[in-house]
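Asks: Have a look at this prediction, sequence included:
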Amino acid sequence: MTYTGRLGHLSLIYMKHKVSVIGGAGNVGSSAVLEIARRDIADVVMLDLEVVREKTMGKANDTSQAGSILGYSSVVTGTSDYEDVKDSDVVIITAGLPRKPGMSRDDLLEINEKIITEISENIRKYAPDSKIIIVTNPIDAMNYVVHKVTGFPNERVIGMAGELDTARFRDFLSKKINVSRKDIDVTILGTHGDQMVPVLEASSVRGIGISNLLSDEEMEECVQKTVSAGGDLTKMIGTSAWIAPGVAISEMVASILLDQKRVFSASVLMTGNEEGYGGVRDVCIGVPVVLGKNGLERVLPIRMNPGTMEKFKASVAKEIEKRDKLKVFKG
Ligand code: TXD
């Protein structure tokens, strides 16, 4: 959408961005919508199933009304009609089943593949130029489905999970080291799940490697807490988390829409040409990426210790097993 305005004798022309969230009435979707709206960087469409249209519209109105208090002007609408997704710059997919206590992310593979296939077809039809952020679990496998069904170039389909995992790791490290989580930098590789790979040699407090500050046992304790954090929260809440996931999504959207070129751990379709990842190809996996106006701008190389490389390879092998079970892969 183009808007023209006048400021004194200066003519202003700016583009108003549009973001759509599929599964918008759900927990993660509506949390992401609020976080995007309050940044005032885009109008937001919340799309969900026809059977929950009223609920979706109600949640959109609730988010609009919060704007009167927080002072944002993003227009937030609720719908079940894909026509309303047209011209979106970014489409976020949070639709699908979440985990219940005792379930693994992989238990959702078959049912969510069906849902994500149908949604990807609609995005291809109604928003063919959009960038997609896929959030639905099992995230790396669902990312693969979106890639294959839409046929969008690699730059335009990115999975959110690593940003959440890094947030959790930073939180545990900050409590252990007793410094602000703002000053902790980490990278997590691999698949979102038990085989995620927090990279200790790339974790620091303002550039001071964490091995200067914690013993091996303490670092390992933080790693284990990070790996089980999602499952632990699911047990405590009764369904999967949504506050930190919504915030993580909004940071990625901002980096794309504002061309911030910020670095995230995110799931991307590997081509085999990325430097430092041992030629991994045709599988979606978490790696450090730069996000900007083109979506995925670059995968950053990382020099892993031999032990980390081994864990990364095991994580990729696990993800390949999952990919091989997908209908979209088997054909
Ligand atoms: O880091 C990450 N990637 C994750 C992912 C962090 C947290 C949650 N993660 C996964 O996101 C979770 O395992 C689920 O697969 C998704 C969504 O979790 P959420 O907690 O938001 O689930 P809800 O509250 O059940 O919301 C799902 C919504 C709900 O409103 C459904 O009506 C809708 O999805 N839905 C659909 N919308 C549109 N079209 C279709 N086909 C559809 N099917 C369900």
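Replies: Structure received.

Asks: residue ranges with poor pLDDT in the protein?
Replies: Where the chain drops to pLDDT under 70, the residues are 1-15.

Asks: switch to 50 and redo it
Replies: Residues of the chain that meet the criterion pLDDT under 50 lie in 1-4, 8, 11.

Asks: Mind splitting it into its structural domains?
Replies: 2-161, 162-330 (automatic domain parsing).

Asks: Return the distance of the shortest one from the chain's centre.
Replies: Just to be clear, that refers to domain 2-161. 11 Å (C-alpha atoms, centre = their mean, to the nearest Å).

Asks: Spell out which parts of the protein neighbour the ligand.
Replies: 22-23, 25-29, 48-49, 52, 94-99, 108, 112, 115, 118-119, 135-137, 139, 160-161, 164, 239-242, 245 (C-beta under 6 Å from any ligand atom). To be clear about C-beta, it is placed using only N, CA and C from the backbone, and glycine gets the same treatment.

Asks: returning to that earlier point: export the domains of the chain as CSV, with columns for mean neighbour count.
Replies: As requested, the domains of the chain are exported to CSV (neighbours: other C-beta atoms under 10 Å):
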stretch, mean neighbour count
domain 2-161, 20
domain 162-330, 18
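
Asks: Packing partners of the helix ranked longest in the chain?
Replies: In the chain, assigned by DSSP state H, the helix with the most residues is helix 216-237. Packed against helix 216-237 by the contact rule (3 or more C-beta pairs under 8 Å, 6 or more residues apart in numbering; DSSP states H and E) you find helix 162-177, strand 196-198.

Asks: which helices and strands does the first one pack with?
Replies: Using 3+ C-beta pairs under 8 Å, 6+ apart as the contact definition, the elements that helix 162-177 packs against are strand 184-185, strand 188-190, strand 196-198, helix 216-237, helix 243-257, strand 262-271.

Asks: got the CA coordinates for that helix in PDB?
Replies: Taking C-alpha atoms only, helix 162-177 is exported to PDB below (Å, rounded to 0.1, in the frame of the first residue of the first chain):
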ATOM      1  CA  GLY A 162      16.300 -21.000  17.000                       C
ATOM      2  CA  GLU A 163      15.600 -17.500  18.200                       C
ATOM      3  CA  LEU A 164      13.400 -19.000  20.900                       C
ATOM      4  CA  ASP A 165      16.000 -21.600  21.900                       C
ATOM      5  CA  THR A 166      18.700 -19.000  22.100                       C
ATOM      6  CA  ALA A 167      16.400 -16.800  24.300                       C
ATOM      7  CA  ARG A 168      16.000 -19.700  26.600                       C
ATOM      8  CA  PHE A 169      19.700 -20.500  26.700                       C
ATOM      9  CA  ARG A 170      20.500 -16.900  27.400                       C
ATOM     10  CA  ASP A 171      18.000 -16.800  30.200                       C
ATOM     11  CA  PHE A 172      19.500 -19.900  31.900                       C
ATOM     12  CA  LEU A 173      23.100 -18.700  31.400                       C
ATOM     13  CA  SER A 174      22.200 -15.200  32.800                       C
ATOM     14  CA  LYS A 175      20.800 -16.800  36.000                       C
ATOM     15  CA  LYS A 176      23.900 -19.000  36.400                       C
ATOM     16  CA  ILE A 177      26.500 -16.300  35.700                       C
END
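
Asks: which residues touch residue 50?
Replies: By C-beta atoms under 8 Å, 6 or more residues apart in numbering, the residues touching residue 50 are residue 80.

Asks: Could you check how far it is from residue 255?
Replies: Per C-beta to C-beta, to the nearest Å, residue 50 is found 33 Å from residue 255.

Asks: follow-up on the earlier one: now the longest helix of the chain and helix 243-257, what's the angle there?
Replies: Put simply, helix 216-237 runs at 100 degrees to helix 243-257, going by axes from the mean of the first three to the mean of the last three C-alpha atoms, to 10 degrees.

Asks: what does helix 216-237 rub up against?
Replies: Residues from elsewhere that reach helix 216-237 (C-beta under 8 Å, 6+ apart): 99-101, 103-105, 165, 168-169, 172-173, 176, 188, 194, 196, 198, 200, 210-211, 214, 240-241.

Asks: Kindly export that helix (C-alpha atoms) in PDB.
Replies: Output of helix 216-237 as PDB, limited to C-alpha atoms (Å, rounded to 0.1, in the frame of the first residue of the first chain):
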ATOM      1  CA  ASP A 216      31.900 -27.600  32.200                       C
ATOM      2  CA  GLU A 217      29.200 -29.000  34.500                       C
ATOM      3  CA  GLU A 218      27.500 -25.700  34.800                       C
ATOM      4  CA  MET A 219      27.600 -25.100  31.100                       C
ATOM      5  CA  GLU A 220      26.200 -28.600  30.500                       C
ATOM      6  CA  GLU A 221      23.400 -27.900  33.000                       C
ATOM      7  CA  CYS A 222      22.300 -24.800  31.100                       C
ATOM      8  CA  VAL A 223      22.400 -26.800  27.800                       C
ATOM      9  CA  GLN A 224      20.200 -29.500  29.300                       C
ATOM     10  CA  LYS A 225      17.700 -27.000  30.700                       C
ATOM     11  CA  THR A 226      17.500 -25.300  27.200                       C
ATOM     12  CA  VAL A 227      16.900 -28.600  25.500                       C
ATOM     13  CA  SER A 228      14.100 -29.500  27.800                       C
ATOM     14  CA  ALA A 229      12.700 -26.000  28.200                       C
ATOM     15  CA  GLY A 230       9.900 -26.400  25.700                       C
ATOM     16  CA  GLY A 231       8.700 -29.700  27.200                       C
ATOM     17  CA  ASP A 232       9.000 -28.300  30.700                       C
ATOM     18  CA  LEU A 233       6.900 -25.300  29.900                       C
ATOM     19  CA  THR A 234       4.300 -27.600  28.200                       C
ATOM     20  CA  LYS A 235       4.000 -29.600  31.300                       C
ATOM     21  CA  MET A 236       3.600 -26.500  33.500                       C
ATOM     22  CA  ILE A 237       1.200 -24.600  31.200                       C
END
